[in-house]
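>>> What follows is a protein structure lacking sequence information:
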């Protein structure tokens, strides 16, 4: 079908053509308010066609893969009004072997998924029976196929298995939110790591504590880094933002802008990570790409079009869903780490705040690296120990300045969400505002 799309497009006047097919088959098992709520399967698929006609890019997509003539007609009609194409579709250039498929995920019994989800809830509620829990156990099989008129051809399968539990505890006007999740391309049969994180959150939140307004040391847990700092940081490394001059890193390639202890790279060749793949969704081969090395900015993330516009090399970060438009997206981000665990980092800080979950972190000048938000789950540090949960507290800062001027320590990392490896990070100072 993809070959037919390309053949018809070329016969009808396209100089180049690319066809892309994506299929996702998912089986979610969902629990709500401590009880099984839903289990069923769904399948989503789509096909996309891009053509280059007289130097301009036309695109169309459909959830009906058999409609070859209609899809070609839509793409050709869009081309005269599309953007100038600053690239040619890549020929196949030897893709790396990347492990992304586990047959055990596809064969994982539904009954076992139900049992696993219920066991997460039961384990957490044994510690806190008043907690009202939602949980999920999901398995999915992704299939991706791409073909273009310049000889490029790729296909791969990826399995994803994820587990998570989140709880709410309401006492009068006080609401406590806890939760954690785990994801992999391999089957997860033991949810003890997720349960352990939630129990640690409950233990640290047993009491409440007050925090003063002002600047103070702050520790972001791995979840805290993912929720508060990752968005503005990843946006800054988007080649599109850099090319448009909207990133604070524009024109700073090769400069040391961060603390020497901070390194960051994107690696879609890691085995069994949910963002790993042999190539991106445009057929550019995957490779480990250093973004920051010991504080020095080394690369930005590009898709084909943005790389052509910027005069840069494509990095293999073109991404799209079933039939969707191509955008720039990281695959597997990995932060440098230190040797201390989270509790050791708390002892190192001595006095300050721990941020676990931030609500509304996207406020402020995200393009410039700013973040701010209410601390949905956070804790006060006194004498090197967590003494209780804080309420009515807001933090604000700039991720670039923090990583450049205020990095205190990096802890041992963990996977968050299946495609982000990040440690807890302690900063020497951050603006904190507390009510009352």
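Yep, it's here. Everything quoted here is computed from the prediction, not taken from an experiment.

>>> so where's this protein shaky on pLDDT?
Residues of the chain meeting the criterion pLDDT under 70: 65, 322-324, 362-364, 436.

>>> repeat that for 80
By pLDDT under 80, the low-scoring segments of the chain are 64-66, 93, 321-324, 360-364, 436.

>>> Give me the packing partners of the top helix by length along it, helices and strands only.
The residue-count maximum for a helix in the chain (DSSP state H) belongs to helix 110-127. Packed against helix 110-127 by the contact rule (3 or more CB pairs under 8 Å, 6 or more residues apart in numbering; DSSP states H and E) you find strand 16-32, strand 35-39, strand 132-148, strand 153-171, helix 192-204. In this view, the C-beta of every residue, glycine as well, is placed from N, C-alpha and C.

>>> Just give me how far the third one sits from the chain centre.
Okay, so that is strand 132-148. 14 Å (CA atoms, centre = their mean, to the nearest Å).

>>> Which strands border it, and is each parallel or antiparallel?
Looking at strand 132-148 with DSSP bridges, its partner strands are strand 16-32 (antiparallel), strand 153-171 (antiparallel).

>>> can you put those strands in JSON lines and add mean neighbour count and distance to residue 434?
Converted to JSON lines, the strands paired with strand 132-148 look like this (neighbours: other CB atoms under 10 Å; distance: least, CB to CB, whole Å):
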{"stretch": "strand 16-32", "mean neighbour count": "20", "distance to residue 434": "33"}
{"stretch": "strand 153-171", "mean neighbour count": "19", "distance to residue 434": "21"}
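
>>> quick revisit: can you pull the buried residues of the longest helix of the chain?
Neighbour-count burial for helix 110-127 flags 113, 116-121, 123-125 (criterion: 16 or more other CB atoms under 10 Å).

>>> just curious, which of those residues is nearest to residue 29?
residue 113 (4.5 Å; CB to CB).

>>> Hmm, the closest one is touching residue 36, no?
No. At 10.4 Å, residue 113 does not count as touching residue 36 under the criterion of CB atoms under 8 Å.

>>> any residues in contact with both of the two?
Shared contacts of residue 113 and residue 36, defined by CB atoms under 8 Å, 6 or more residues apart in numbering, comprise residue 29.

>>> what would the helices and strands packed on helix 110-127 look like in a markdown table with distance to residue 271?
Converted to a markdown table, those look like this (distance: least, CB to CB, whole Å):
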| stretch | distance to residue 271 |
| --- | --- |
| strand 16-32 | 21 |
| strand 35-39 | 29 |
| strand 132-148 | 16 |
| strand 153-171 | 12 |
| helix 192-204 | 19 |
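
>>> so where do the helices sit in this protein?
For the chain, helices defined by DSSP H occupy the ranges 2-11, 68-78, 103-106, 110-127, 192-204, 222-224, 230-236, 239-243, 304-310, 342-349, 399-405.

>>> and the ones you listed, which is most packed in?
Comparing the helices of the chain by mean neighbour count (mean count of other CB atoms under 10 Å), helix 222-224 ranks first with a mean of 25.

>>> got the contact list for it?
180, 354-358, 378, 413-414, 416, 422-424.

>>> One more: stretch 376-393?
The contact list for stretch 376-393 (CB under 8 Å, 6+ apart) reads 174, 176-178, 201, 204-211, 217, 219, 224, 346-359, 374-375, 432-436.

>>> end to end, how far does it reach?
One end of stretch 376-393 to the other measures 8 Å (CA to CA, to the nearest Å).

>>> List only buried entries from the contacts of stretch 376-393.
176, 178, 201, 204-205, 209, 211, 217, 219, 224, 346, 348-349, 352-358, 374-375, 432, 434.

>>> In TSV, list the strands paired with strand 132-148 along with distance to residue 277.
Below are the strands paired with strand 132-148 laid out as TSV (distance: least, CB to CB, whole Å):
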stretch	distance to residue 277
strand 16-32	12
strand 153-171	6
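
>>> between the helices and strands packed on helix 110-127, which one is nearest to residue 86?
Closest to residue 86 of the helices and strands packed on helix 110-127, according to CB to CB: strand 16-32, at 12.7 Å.

>>> Just the angle for the closest one relative to strand 35-39, thanks.
In terms of direction (axes from the mean of the first three to the mean of the last three CA atoms, to 10 degrees), strand 16-32 departs from strand 35-39 by 150 degrees.

>>> how much space between residue 372 and residue 228?
Using CB to CB, to the nearest Å, one obtains 9 Å as the distance from residue 372 to residue 228.

>>> ditto for residue 105
Taking CB to CB, one finds residue 105 at 31 Å from residue 228.

>>> just residue 404 next, same as before
17 Å.

>>> again with residue 377
From residue 377 to residue 228 the distance is 12 Å (CB to CB).

>>> My read is that residue 166 contacts residue 197, right?
No. Here residue 166 lies out of contact with residue 197, judged by CB under 8 Å, at a distance of 11.2 Å.

>>> can I get the contacts of helix 222-224 in JSON lines with distance to residue 58?
Putting the contacts of helix 222-224 into JSON lines (distance: CB to CB, whole Å) gives the following:
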{"residue": "180", "distance to residue 58": "44"}
{"residue": "354", "distance to residue 58": "51"}
{"residue": "355", "distance to residue 58": "46"}
{"residue": "356", "distance to residue 58": "47"}
{"residue": "357", "distance to residue 58": "43"}
{"residue": "358", "distance to residue 58": "41"}
{"residue": "378", "distance to residue 58": "49"}
{"residue": "413", "distance to residue 58": "43"}
{"residue": "414", "distance to residue 58": "44"}
{"residue": "416", "distance to residue 58": "38"}
{"residue": "422", "distance to residue 58": "39"}
{"residue": "423", "distance to residue 58": "45"}
{"residue": "424", "distance to residue 58": "47"}
